[in-house]
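>>> A structural model of the following input is requested.
(chains A and B)
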2 protein chains.
Amino acid sequence: MDVRFARRMAGMRASEIRELLKFTERPEVISLAGGLPAPEFFPTHDLNAAVTSVLKENGRKALQYSTTEGHPPLRRWIAERMNERLGTCVRPEEVLITSASQQGLDLTGRVLLDEGDEVLCEGPTYLGAISAFRAYQPRFVEVPTDDDGMVIVELERRLEQCGRAKLVYVVPDFQNPSGRTWSLARRRALVEVARRHDVVIIEDNPYSEVRFAGEHLPAIKSLDEDGRTVFLGTFSKILAPGIRVGWVAAPPAILDKYVLAKQGADLHTSTLTQMMLAAYLEHFDLDANLARVREAYRARRNAMVRALEREMPPDVRFTRPSGGLFLWVELPEGVDTRKLLEVCLTHDVAFVPGEPFFPNGGHANTLRLNYSNMPEARIEEGVRRLAAALRELLARARHPREPVPELTVSV
Amino acid sequence: MDVRFARRMAGMRASEIRELLKFTERPEVISLAGGLPAPEFFPTHDLNAAVTSVLKENGRKALQYSTTEGHPPLRRWIAERMNERLGTCVRPEEVLITSASQQGLDLTGRVLLDEGDEVLCEGPTYLGAISAFRAYQPRFVEVPTDDDGMVIVELERRLEQCGRAKLVYVVPDFQNPSGRTWSLARRRALVEVARRHDVVIIEDNPYSEVRFAGEHLPAIKSLDEDGRTVFLGTFSKILAPGIRVGWVAAPPAILDKYVLAKQGADLHTSTLTQMMLAAYLEHFDLDANLARVREAYRARRNAMVRALEREMPPDVRFTRPSGGLFLWVELPEGVDTRKLLEVCLTHDVAFVPGEPFFPNGGHANTLRLNYSNMPEARIEEGVRRLAAALRELLARARHPREPVPELTVSV
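Predicted coordinates:
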């Protein structure tokens, strides 16, 4: 039959990253494209002990329906952790457990966005947020961003031009894809501007605890005194993404709506994984594990930065993140990173072209690299192949009559 | 701050059942209100063995991101089971794993419904479907339903009057809340009518494997030859709801849209719980466990039916389900079951009033009873208290000047 789908589906396309991953499954390909945490640090043994204790002592509860809001000890742990590490003042009842922060993004769209509402975001911004919000048919307004965060005068100018600005979406710590972190001054300025223009701030914070250099900065939510910041957190990068547990922290009047929206979306997040996680956090050492993760990511980031400095032409710019999983590369104007990716696949290396991270397109000369998921030697070899592919593409551009190899790969 | 929420939130209210459960937590209350499977049959020991084997042998994979579509062995098991038990012809790649069937309902709304589209449904229908669909602002068109399912001429008449009929939503086996099951003739007729009017059928099937009397009937999906049926399944009632694993089975052109919608909604369902479930299904005996569940539910249903026959006035009608968790009661016209619930709470017994199961309201004289979650003696005592409360309410109606006790409970 010829189904008449909802209009919103016209704007929803397969995630470029996930489609791409399908082409990089050949073992000879070095994929700098994904966003996977290093699985060798997943505490499988301790999580097994945690889940076993839960099923033995509390199995009937762990396998039964539970409240939408989430497992109370887990909500308490999260509130305490946020207050201790991020300077916030969150009560456990202001925390809703979600099926990781992708669901936090989806619920944000559901609770706040009518068709045509304006979402202000960084350029580039997180691809998962673009795809979550797009289901609610907003208009994306990109705000130019430098190494300290959104350029605040540009944000203000756009807010003044907006007719229906609803929220400002930011990833202030080690952003995916850019690896950039907002300065304290920009965080304060954002809160002030949001207050003046009466818009909600969505602070998406999966990475702040994956800092391997410099000092922790307070969360934007900790600087906001009139309760307009919704904070999205997740265990995906500090523990393991496969359990799909994250959270939303927001003032009660806002959180109530998220709870209602989640009730309709999936009733509640797995009782079993929530209780396993609470038992793990009570009886095992998350921080010791996280210290190992940070150390590994620091070494991998260093390997990637050194390789880029060594291999890339001098007019290639890239970020040097102090945490997180990603690094952002700007090639000279005129280089199309989708074409570069085609050449790269013949060199057995992959990355994600930058354009999809800009909801309104453009910036074809940018790309994202991931360094969290492989040892240093492989990162270095990957960057070498990337640089060789770039040289090949640039040489071809100078000698356009040379035949371009036929590729059937459609990325 | 005074947040401007999305317009859709105006139609979303707290689920009456879940709010109500808060009042029934006192241990002296016999709650016939919930919809909880019997936890004493959860195979906690076997599930622990399954999750332990997964974490020991495959921990890195089980804790990592995975594909939106779901764990391939689980998709294969589901396709085989459906084909064997329900007469369908589903391939594994036509199965999408969801965060239980509540998410299947939400994705259905997202993929199919624009504001103002018409959803045809049974009256009464499943409360979770009403709350999931309501986020997409459709118009609900209730179709009168008798003991054999929707009255097909009434369905046709409404389809002819509809301008934007998009889907027919049905729970054909042991429906929540009515306990009714569609006859084979009605199933065939629905497929034929849906074809003529070119609408999608959503077959929500959480209960068909919880049949404790009579013969299995083929799924509506098995009778549909032109691929217009989307089937929603779940492990919540055949194994355990706390793991939140269910599925959507649909033709590829439709399933692709569900996959896209799920990508934006939560990326994928927990890899760990999917792999635990696949290991359990491979190494342990779901059917032996399910046989114990059916046996217990049969005894509990019998206890409730006998108690209702014994205790209730002769003009009270109720269904006698051959499976599932619920039974539906119609009191004489003029009795308001919300008022009855207030009296019941003073008798320490609770149920769910029927009106919320009708998306357009009315039918204040109906109510839903659950029999799956307590032993027979408690069910019988619960029905005794319910009957006593009903007698009290009816007596009061005959002597209206007697003072009504003040209740501060707001249900």
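>>> in the host helix or strand of A:Met82, what counts as buried?
Taking DSSP states H and E as the definition, A:Met82 sits inside helix A:72-86. For helix A:72-86, the neighbour count (16 or more other C-beta atoms under 10 Å in any protein chain shown) marks A:Pro72, A:Pro73, A:Leu74, A:Arg75, A:Trp77, A:Ile78, A:Ala79, A:Arg81, A:Met82, A:Leu86 as buried. Every residue, glycine included, has its C-beta placed from N, CA and C.
>>> which among these gets closest to B:Gly35?
B:Gly35 lies nearest to A:Pro72 out of the buried residues of helix A:72-86, by C-beta to C-beta, at 21.9 Å.
>>> I figured A:His386 was touching A:Cys344, is that so?
Just to correct that, residue A:386 is Leu rather than His. Yes: taking contacts as C-beta atoms under 8 Å, A:Leu386 lies within contact range of A:Cys344: 6.2 Å.
>>> anything in contact with each of those two?
Common neighbours of A:Leu386 and A:Cys344, using C-beta atoms under 8 Å, 6 or more residues apart in numbering or on different chains, are A:Phe351.
>>> check A:Arg396 and give its pLDDT.
At A:Arg396, the model reports a pLDDT of 89.
>>> same question for the one 4 residues further on.
In the prediction, the pLDDT value recorded for A:Pro400 is 67.
>>> of all of the stretch 301-411 of chain A, which residue lies closest to chain B?
Using C-beta to the nearest C-beta, the single residue of the stretch 301-411 of chain A nearest to chain B is A:Asn373, 9.6 Å away.
>>> run a quick neighbour tally on that residue.
Other residues near A:Asn373 come to 21 when the count uses other C-beta atoms under 10 Å in any protein chain shown.
>>> next, see if the top strand by length along chain A gets close to chain B.
Determined from DSSP state E, the single longest strand within chain A is strand A:139-146. No: applying C-beta under 8 Å from any C-beta of the partner chain, one finds strand A:139-146 out of contact with chain B, separated by at least 14.4 Å.
>>> restrict that strand to CA atoms and write it as PDB.
Provided in PDB are the C-alpha atoms of strand A:139-146 (Å, rounded to 0.1, in the frame of the first residue of the first chain):
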ATOM      1  CA  ARG A 139      13.300  26.500  12.300                       C
ATOM      2  CA  PHE A 140      17.000  26.300  13.200                       C
ATOM      3  CA  VAL A 141      18.900  29.500  13.700                       C
ATOM      4  CA  GLU A 142      22.700  28.900  13.800                       C
ATOM      5  CA  VAL A 143      24.800  31.300  15.900                       C
ATOM      6  CA  PRO A 144      28.400  31.800  14.900                       C
ATOM      7  CA  THR A 145      30.700  30.100  17.500                       C
ATOM      8  CA  ASP A 146      34.400  30.600  18.300                       C
END
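>>> in its sheet, what does the next helix-or-strand element following it sit against?
Next helix or strand after strand A:139-146 toward the C-terminus (DSSP H and E): strand A:149-150. Strand A:149-150 has the following strand partners under DSSP bridges: strand A:139-146 (antiparallel).
>>> what's the average pLDDT for the partner strand?
For strand A:139-146, mean pLDDT rounds to 97.
>>> and that strand, what's buried?
Applying 16+ other C-beta under 10 Å to strand A:139-146 flags A:Arg139, A:Phe140, A:Val141, A:Glu142, A:Val143, A:Thr145 as buried.
>>> again with stretch A:194-209
A:194, A:197, A:199-209.
>>> now do the same end-to-end measure for that stretch.
25 Å (C-alpha to C-alpha, to the nearest Å).
>>> on that earlier part again, now, the most widely separated pair of the buried residues of strand A:139-146?
A:Arg139 and A:Thr145 (18.5 Å).
>>> returning to that earlier point: and chain B, which of the buried residues of stretch A:194-209 contact it?
A:Val200.
>>> tell me which two of the buried residues of stretch A:194-209 sit farthest apart.
So, these by C-beta to C-beta: farthest apart are A:His197 and A:Glu209, at 30.3 Å.
>>> who's in contact with the helix or strand hosting A:Ala377?
Per DSSP H and E, A:Ala377 falls inside helix A:376-398. With contact meaning C-beta under 8 Å, 6+ apart, helix A:376-398 is reached by A:30, A:32, A:299-300, A:302-304, A:306-308, A:311-313, A:316, A:331, A:334-335, A:339-340, A:343-344, A:346-349, A:351, A:369, A:371, A:374, A:402, A:404.
>>> do the same with stretch A:309-324
A:147, A:173-176, A:178-181, A:207-208, A:210-214, A:237, A:294, A:297, A:301, A:305, A:308, A:327-332, A:369, A:383-384, A:386-387, A:390-391, A:394.
>>> for it, buried residues please.
Buried residues in stretch A:309-324, counted by 16+ other C-beta under 10 Å: A:Glu311, A:Met312, A:Val316, A:Phe318, A:Thr319, A:Pro321, A:Ser322, A:Gly323, A:Gly324.
>>> so which of the contacts of stretch A:309-324 are in strands?
Reading strands off those with DSSP E, I get A:Leu327, A:Trp328, A:Val329, A:Glu330, A:Leu369.
>>> about what we covered before: can you tell me which of the contacts of helix A:376-398 are buried?
When the contacts of helix A:376-398 are checked against 16+ other C-beta under 10 Å, the ones flagged as buried are A:30, A:32, A:300, A:302-304, A:307-308, A:311-312, A:316, A:331, A:335, A:339-340, A:343-344, A:347-349, A:351, A:369, A:371, A:374.
>>> of those residues, which belong to helices?
A:Arg300, A:Asn302, A:Ala303, A:Met304, A:Ala307, A:Leu308, A:Glu311, A:Lys339, A:Leu340, A:Val343, A:Cys344 (DSSP state H).
>>> now compare the residues you listed and name the two farthest from each other.
Maximum pairwise distance among those (C-beta to C-beta): 29.5 Å, between A:Asn302 and A:Lys339.
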